[in-house]
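Engineer: Fold the following for me, if possible:
(one chain, ligands or ions: 1)
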Amino acid sequence: MAKKPLRIGLVGYGFMGRTHSNGYKRVPDFFPELQYQPVLKAVCGRSEDKTKAFAEQWGYESYETDWNKLIARDDIDAIDICTPNDTHGPISIAAAKAGKMVLCEKPIGMSTAEGEEMVKAVEDAGVANTIFYNYRRIPAVTLAKKIIDSGKLGRIFHYRANFLQDWTINADVPQGGAGLWRLDAASAGSGVTGDLLAHCIDTAIWLNGRINDVNAVTETFVKERLHSGTGKKEPVKIDDACSFFCHFENGSLGLFESTRYARGHKALYTFEINGEHASIRWDLHDLHRLEYFDHADEGEVRGWRSIHVTDGEHPYMDHWWVPGLNIGYEHSFVHHVADFLKSIEEGTPCEPTFKSALETQKVCDAVLASAAEKVWKDV
Ligand code: SOE
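Structural biologist: Numbers count the residues shown, from 1 in each chain. Next up is the predicted model:
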């Protein structure tokens with residue numbers, strides 16, 4: 001089958017630039033049925049040396065150092081944004097206005113107000129769009145969605161999620177600079193709320209529906225850090241840790257916790273959902289396993305099942321190895337790219353679209369407002 005090219009212009013060559021590039025490169029080999037094939041046309045970054053080196057390493061045909069020039073090129077179909085959060089809005093709005101498809105790393109932007117402008121831009125332009133909330137596409141998480149949607153859990157009572165890390169405990173870690181923009185409120189918007197809880201919230205809304213209201217606490221444990229821009233110690237304006245309660249529209253209660261101060265945890269994302277008939281839990285450190293408890297099982301053997309989600313009948317797994325052999329974190333991005341290509345083939349939205357991802361941003365904003373004002377906040 002002759003493939004249709006999807007010419008990619010990537011902005012940003014950091015950690016996320018690598019995860020997305022890997023997705024584009026792996027897709028044709030493992031999803032050969034797709035009509036579209038990504039073509040790595042150009043990568044864009046501010047440092048010419050680093051951008052050129054990235055282009056050579058990952059096989060991009062060319063590079064730019066100004067994203068406006070990338071967007072203006074007529075040999076690019078889709079702009080993929082892997083830069084800090086404060087640039088998601090300007091780049092995606094300009095890309096949509098130029099008629100390009102837009103793929104963007106999470107979160108959608110810096111605030112609900114900005115997210116609304118971004119949704120308007122992609123919808124007015126009628127361009128395909130998606131936000132990379134990659135954990136939805138880990139096969140065990142996608143299987144959780146299938147099980148929940150089948151109604152096996154019955155009425156849902158509880159949803160709880162954690163995302164724990166420990167990489168900012170050292171007070172000498174600066175705010176800003178390569179890889180450290182996540183600590184600088186001007187680039188990141190918020191701390192763990194937009195960076196980590198946003199993942200938990202996206203999955204939660206997808207699995208358990210709308211969140212109505214929230215009650216949150218945040219803490220900034222290290223109050224001042226060297227700012228790489230000013231070269232001086234500056235107040236830290238991001239949340240280092242955040243916990244919140246919430247009510248879901250379906251009547252269940254939610255409990256979420258995120259921190260970068262949980263010594264020993266590098267990326268412990270876990271969630272559990274408890275229903276009337278059954279429960280499900282998942283842990284990123286053991287990402288191919290889905291744990292499932294079904295009260296309908298016969299008494300003597302009733303217990304938590306550990307489903308090894310590697311069978312050909314499990315989501316996405318027929319595209320990989322033989323049953324029993326695991327895949328990993330990077331495959332969630334391959335799956336997202338595959339689903340995006342499928343969506344443009346079929347003319348359907350690729351979830352989460354900018355519009356769906358705006359719902360997560362609204363929850364994040366309500367969480368931060370609740371913590372600041374010490375009150376419950378409607379979403
Ligand atoms: C932060 O350390 C981070 O890289 C997030 O920015 C990612 O979104 C998350 O998936 C892993 O942790």
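
Engineer: Next to the ligand in this structure, residues from the chain, please.
Structural biologist: The chain comes close to the ligand at residues Gln165, Asp195, His199, Ala267, as judged by Cβ under 6 Å from any ligand atom. Bear in mind the C-beta positions are built from the backbone N, C-alpha and C, glycine included.

Engineer: ok so Lys266 is a strand residue?
Structural biologist: No. Counting by DSSP: H, G, I helix; E, B strand; the rest coil, Lys266 is not part of a strand but coil.

Engineer: what's the helix or strand hosting Glu345 packed up against?
Structural biologist: Counting by DSSP states H and E, the element that carries Glu345 is helix 329-346. Applying 3 or more Cβ pairs under 8 Å, 6 or more residues apart in numbering; DSSP states H and E, we find helix 329-346 packed against helix 15-30, strand 36-44, strand 129-132.

Engineer: contacts for it?
Structural biologist: Around helix 329-346, the neighbours that count as contacts under Cβ atoms under 8 Å, 6 or more residues apart in numbering are 6, 19-20, 22-24, 26-27, 30-31, 34-38, 101, 103, 128, 130, 132, 134-138, 284, 287, 316, 319-320, 349-350.

Engineer: Now do the strands in the stretch 1-150 of the chain.
Structural biologist: Along the stretch 1-150 of the chain, the stretches classed as strands by DSSP state E, counting those that start in this stretch are 4-11, 36-44, 62-64, 78-81, 101-105, 129-132.

Engineer: Residue of the stretch 251-379 of the chain nearest the ligand, please.
Structural biologist: The stretch 251-379 of the chain approaches the ligand most closely through Ala267 (5.2 Å), counting by Cβ to the nearest ligand atom.

Engineer: I misspoke; the intended subject was the chain.
Structural biologist: Asp195 (4.8 Å).

Engineer: Would you check that that residue makes contact with Arg182?
Structural biologist: Yes. Between Asp195 and Arg182 there is a contact under Cβ atoms under 8 Å: 5.6 Å.

Engineer: which residues are common contacts for the two?
Structural biologist: Ala188.

Engineer: pLDDT wise, what is the most centrally placed residue in the chain at?
Structural biologist: Centroid-nearest residue in the chain: Tyr133, 2.4 Å away (criterion: Cα atoms, centre = their mean). In this prediction, Tyr133 carries a pLDDT score of 98.

Engineer: so where is the stretch 101-250 of the chain shaky, pLDDT-wise?
Structural biologist: Scanning the stretch 101-250 of the chain for pLDDT under 70 picks out no residues.

Engineer: quick one: the helices in it?
Structural biologist: 112-125, 139-149, 185-188, 192, 198-208 (DSSP state H, counting those that start in this stretch).

Engineer: Point out the most buried one among those helices.
Structural biologist: Burial of those is given as mean neighbour count (mean count of other Cβ atoms under 10 Å); helix 192 ranks first at a mean of 27.

Engineer: For Ser252, find the nearest of the strands of the stretch 1-150 of the chain.
Structural biologist: Among those, strand 129-132 comes nearest to Ser252, with 24.6 Å by Cβ to Cβ.

Engineer: ok, and what's touching the closest one?
Structural biologist: For strand 129-132, using Cβ under 8 Å, 6+ apart, the contacting residues are 16, 20, 92, 96, 101-108, 122, 333, 336, 340, 343, 349-354, 356-357.

Engineer: chain center to the helix holding Glu345, what's the gap?
Structural biologist: Relative to its chain's centre, helix 329-346 lies at 13 Å (Cα atoms, centre = their mean, to the nearest Å).

Engineer: cool, stretch 297-306 as well?
Structural biologist: Between the centre of stretch 297-306 and the centre of its host chain there is 34 Å, according to Cα atoms, centre = their mean.

Engineer: Ok, stretch 368-379 next?
Structural biologist: Mean C-alpha position of stretch 368-379 versus that of the full chain (Cα atoms, centre = their mean) differs by 23 Å.

Engineer: Excluding covalently adjacent residues, which one is nearest to Asn68?
Structural biologist: Once flanking residues are discounted, Asn68 sits nearest to Ala94: 6.8 Å by Cβ to Cβ, 6 or more residues apart in numbering.

Engineer: Based on its surroundings, how many neighbours for that neighbour?
Structural biologist: 18 (other Cβ atoms under 10 Å).

Engineer: isn't there a strand covering Leu290?
Structural biologist: Yes. Using three-state DSSP, the secondary structure at Leu290 is a strand.
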